[in-house]
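> Sequence first, predicted coordinates after that:
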Amino acid sequence: MLGRYAELKAQLPPGTILFYQVGTFFETFEEDAKTVSRELSLRLTSREAAGEGRVPLAGVPGHALQEHVAALLRKGHSVAIAEQRQHPTKPRQFTREITQILTPGTVIEDNVLSAGRSNYLATFVVRDGRAGIAVAEASTGEFSGTVVPEAELPAELERWSPREVVVPERTAVEELPRLEARVSTAPRWTFEPSAGEQALRQHFGVASLKGYGLDGSPQLVAAAGALIRYLSTLRGGSPPEQIVSFRRYDPGQTMLLDAATRRNLGLEELISTTDRTRTPMGQRTLRRWLERPLLEASRINQRLEAVDALFPDYMLREGVREHLGSIPDIERIATRIVRLSASPGDLLALRGALEALGPLREALGPAAECSELLRRALAAMEEPPGVRELIAAAISEEEGEIIRPGYSEELDEARSFRDGAHEWLTRFEAEERLKTGLKTLKVGYRDGEGYFIEVAGKEAHRVPPHYEHRKALKHNARYVTVELKEHESRMLTAREEVERLERRILGEIRAAVKEAAPQLQRIARAVAVVDVVASFAAAAAELRYCRPEVTEERGIRIVSGRHPVVEHATETPFVPNDARIDGGARLQIITGPNMAGKSVYLRQVALIVLLAQTGSYVPADEARIGVVDRIFTRVGAEDRLASGESTFMVEMTEAAGILNGATERSLVILDEVGRGTSTYDGMSLAWAIAEYLHDDVQALTLFATHYHELTRLADSLPGCRNLKAVVEEVGGEIVFLHRIEPGAESSSYGVHVARLAGLPPRVTDRAQEILSRLEAEGVKGFAG
Ligand code: ADP
Ligand code: MG
């Protein structure tokens, strides 16, 4: 038996866990068994295999398979299932074939996916210094890609946070960008541009790829084609029909936020604080928007205008949001419809969604008059004709029944025959009791045994001769008759007939609804946009945000800005702060003791800019944001010690990335750069980096540092200003005011704090002396 297992296992891409059906169990062996038992906390056993001694084994019962497979997929594993089938010619034997291959980046089932997150599958092809990147979302049909210089490949891939990346077989690990994704492989030839072209032309049924913006980019054609082919290979060659078009995107249209910046700024926390979406597709779109802020003021203002249309009118806004709340995940349902795997529940949910569409459109009407974006969304929410009526007429809401009575005459007849069969049994039982005079006679049924007549042991000697004995139990005996056996087979047929008809009709309905799938996808995307805009409006109202003025001019001005996450988390009331950064004050050095509020201030400025460029209102009284082309962050080394890398090296690599990548339109956030090394080294580097940013890059920079010497830069650099986080001394104790003000923190602050803390005067006086000398000697070198 393990021979067949090994055969199937060899057909699978490496690293795919194979579940092999044995009776009612699905079993895994060898390495797979170890992985499965570890990941799912299942018992690891072993079994005897011919010629191989004992091999490790872990299995799950059939009814629990789905749940376990879902758990493995969520943990990033790929899984194949080999089902047991009756042998085509030898009915007493079984064969096993692979019936499904499931991978983390290609699943479409709700029990594996998380509603609020997109689940991307990605691939890339590098040639002649350029990289083609293709990305697909199997559960929504999204399919897009781009071409970037080879050096930008890792950052561009990373911004999709793919769950799975497909690469050619035998790709060396060193050739892979660092990603937290499952790496799957496909045959090398499928990544050739010619193979890609063929796959795409066939999939879209077109003679030329011109209409998809793909010509002249062999890297992109190769990547996109490889992806389509991979998706269809997993499904035994049938194409991923939910993908109906390809969109080439321009990476220059949205801001690149690398993973480190997303983490440093706390994008996850920002999302969980501000998300007010009501639908899964809205939730996914909100995330996509926040991860890709826009770069063009006109597009940003279009979104802000839409938020503005919903913001002021409470009744209007909440009316829209209430209707949104009754719309399920039609985007993913549309995909299951295309794949003909939509469940009756999916269809009923779709019907509910279509019912909610009319009222939603009505509620949205007044707002759409003030916003181009909402107007377009409204126009896309055209209900496909006939779908709702068809589902309402055909799909039953009753337990244990798929198709409504009255929908199909053929089905109704089969059902009444099946139900009549029940009555027959009751009658048969009564008649037999009468005929035989056996008082204990009963008709029963057991799985595996079928129908039988049961008589108590004490009456068994009186059963008629045509009763055929089947089984003797402790107190009873069981019999069958020819009549009962005939009935049994009629009954089975009737039941099977009902099931067969229900499946057939469900199939017909799925096929009919499939026609409307592209329209359903359009509706889903329009609903998502409305949902995000409504979420921005609701958050703005609840959290007291203001509409930012977004312009193409350079410079940032914020009045009473707040940190969108920390403002809800502080013990004392949050202290708002202003910001004014522009060409004339482009480098701002922020000093102040620990815990004074420097890091919060830096992030709050960056998050306000990010929210504004996403098209959201911002936590401030007023804000004027000149769009920035990128937000760079470099945050204190001490947080990173756990990763085990040489922190100083990491720090300098990141600093290099910023100095080489930033422009005068970038916002650069530097928090304590230079900590990973000795004071003099660190200070010198911090100094030189600040100078370079001011003189050469001319980026808008906020630089928090504990090297107060850096405040002297303001004396010599015209575009440099000092800020300090103010603290007060009250009755010998330090009070953090969390106010950011112009000016430099006094250099002897540490000594001052030490004095307050009660260090003997001899120590603090001496420290003051040493400090003054060091300053006089050391820093001259920097300034001069
Ligand atoms: P620093 O970087 O100067 O050491 P942080 O910015 O990390 O200080 O702030 C320290 C703590 O002070 C924060 O965790 C927060 O609780 C509080 N805090 C910071 N800024 C404010 C503010 N503007 N209003 C109220 N509390 C604040
Ligand atoms: Mg800090």
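Nice, I can see it. Numbers count the residues shown, from 1 in each chain. Ligands and ions are numbered 1, 2, ... in the order given.

> ok, what's across the strand from the nearest residue to Pro149 once chain neighbours are set aside?
Among residues not flanking Pro149 along the chain, Arg130 sits closest, at 6.2 Å (Cβ to Cβ, 6 or more residues apart in numbering). Just so you know, the C-beta spots here come from the backbone N, C-alpha and C atoms, and that holds for glycine as well. Beta-bridge partners of Arg130, counted by DSSP bridges, are Arg127, Pro149.

> quick one: the strands in the stretch 51-200 of the chain?
53-61, 78-86, 94-102, 121-127, 130-137, 142-149, 164-168, 182-186 (DSSP state E, counting those that start in this stretch).

> contacting residues for the residue nearest to Pro149?
By Cβ atoms under 8 Å, 6 or more residues apart in numbering, Arg130 lies in contact with 147-150, 219.

> filter these to the buried ones?
147-148, 219 (16 or more other Cβ atoms under 10 Å).

> ok so, going back, nearest to Lys210 among the contacts of Arg130?
Val147 (15.9 Å; Cβ to Cβ).

> Look at Asn594 and report its pLDDT.
On pLDDT, Asn594 comes in at 82.

> in which helix or strand would I find it?
Counting by DSSP states H and E, no helix or strand carries Asn594.

> and if you look at Pro385?
With DSSP H and E as criterion, Pro385 is part of no helix or strand.

> Around ligand 2, which positions in this structure sit nearby?
598-599 (Cβ under 5 Å from the ion).

> In the stretch 301-450 of the chain, what residue lies closest to ligand 2?
Among all residues of the stretch 301-450 of the chain, Leu304 sits closest to ligand 2, at 31.6 Å; criterion: Cβ to the ion.

> And for the stretch 151-300 of the chain?
Closest residue of the stretch 151-300 of the chain to ligand 2, Cβ to the ion: Asn264 (11.6 Å).

> does ligand 1 sit close to the helix or strand that contains that residue?
Secondary structure from DSSP H and E places Asn264 in helix 259-265. No: on the criterion Cβ under 6 Å from any ligand atom, helix 259-265 is out of touch with ligand 1, staying 12.6 Å away.

> Which neighbouring elements make contact with that helix?
Counting contacts by 3 or more Cβ pairs under 8 Å, 6 or more residues apart in numbering; DSSP states H and E, helix 259-265 packs against helix 598-614, strand 631-635.

> Dump these into JSON lines; add mean pLDDT, mean neighbour count and distance to Glu429 as well.
Converted to JSON lines, those look like this (pLDDT from 0 to 100; neighbours: other Cβ atoms under 10 Å; distance: least, Cβ to Cβ, whole Å):
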{"stretch": "helix 598-614", "mean pLDDT": "97", "mean neighbour count": "25", "distance to Glu429": "72"}
{"stretch": "strand 631-635", "mean pLDDT": "90", "mean neighbour count": "24", "distance to Glu429": "79"}
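
> Out of the ones you listed, which gets nearest to Ala744?
Ala744 lies closest to helix 598-614 among the helices and strands packed on helix 259-265, at 13.2 Å (Cβ to Cβ).

> Only alpha carbons, please: show that closest one as PDB.
The C-alpha trace of helix 598-614 is given here as PDB (Å, rounded to 0.1, in the frame of the first residue of the first chain):
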ATOM      1  CA  LYS A 598       9.700  62.500  21.500                       C
ATOM      2  CA  SER A 599       9.000  59.200  19.800                       C
ATOM      3  CA  VAL A 600       5.300  59.700  20.000                       C
ATOM      4  CA  TYR A 601       5.600  63.100  18.400                       C
ATOM      5  CA  LEU A 602       7.600  61.800  15.500                       C
ATOM      6  CA  ARG A 603       5.200  59.000  14.800                       C
ATOM      7  CA  GLN A 604       2.200  61.200  15.100                       C
ATOM      8  CA  VAL A 605       3.500  63.600  12.400                       C
ATOM      9  CA  ALA A 606       4.200  60.600  10.100                       C
ATOM     10  CA  LEU A 607       0.800  59.000  10.800                       C
ATOM     11  CA  ILE A 608      -1.100  62.200  10.100                       C
ATOM     12  CA  VAL A 609       0.700  62.500   6.800                       C
ATOM     13  CA  LEU A 610      -0.100  58.900   6.000                       C
ATOM     14  CA  LEU A 611      -3.800  59.200   6.900                       C
ATOM     15  CA  ALA A 612      -4.100  62.400   4.900                       C
ATOM     16  CA  GLN A 613      -2.500  60.800   1.800                       C
ATOM     17  CA  THR A 614      -4.900  57.800   2.200                       C
END
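
> Distance check, the closest residue to Pro405 other than its chain neighbours against Pro177.
Nearest non-adjacent residue to Pro405, counting by Cβ to Cβ, 6+ apart: Asp412, 5.9 Å away. Using Cβ to Cβ, to the nearest Å, Asp412 is found at 60 Å from Pro177.

> And the contacts of Arg130, which is closest to ligand 2?
Nearest to ligand 2 among the contacts of Arg130, with distances taken as Cβ to the ion, is Val148, at 33.9 Å.
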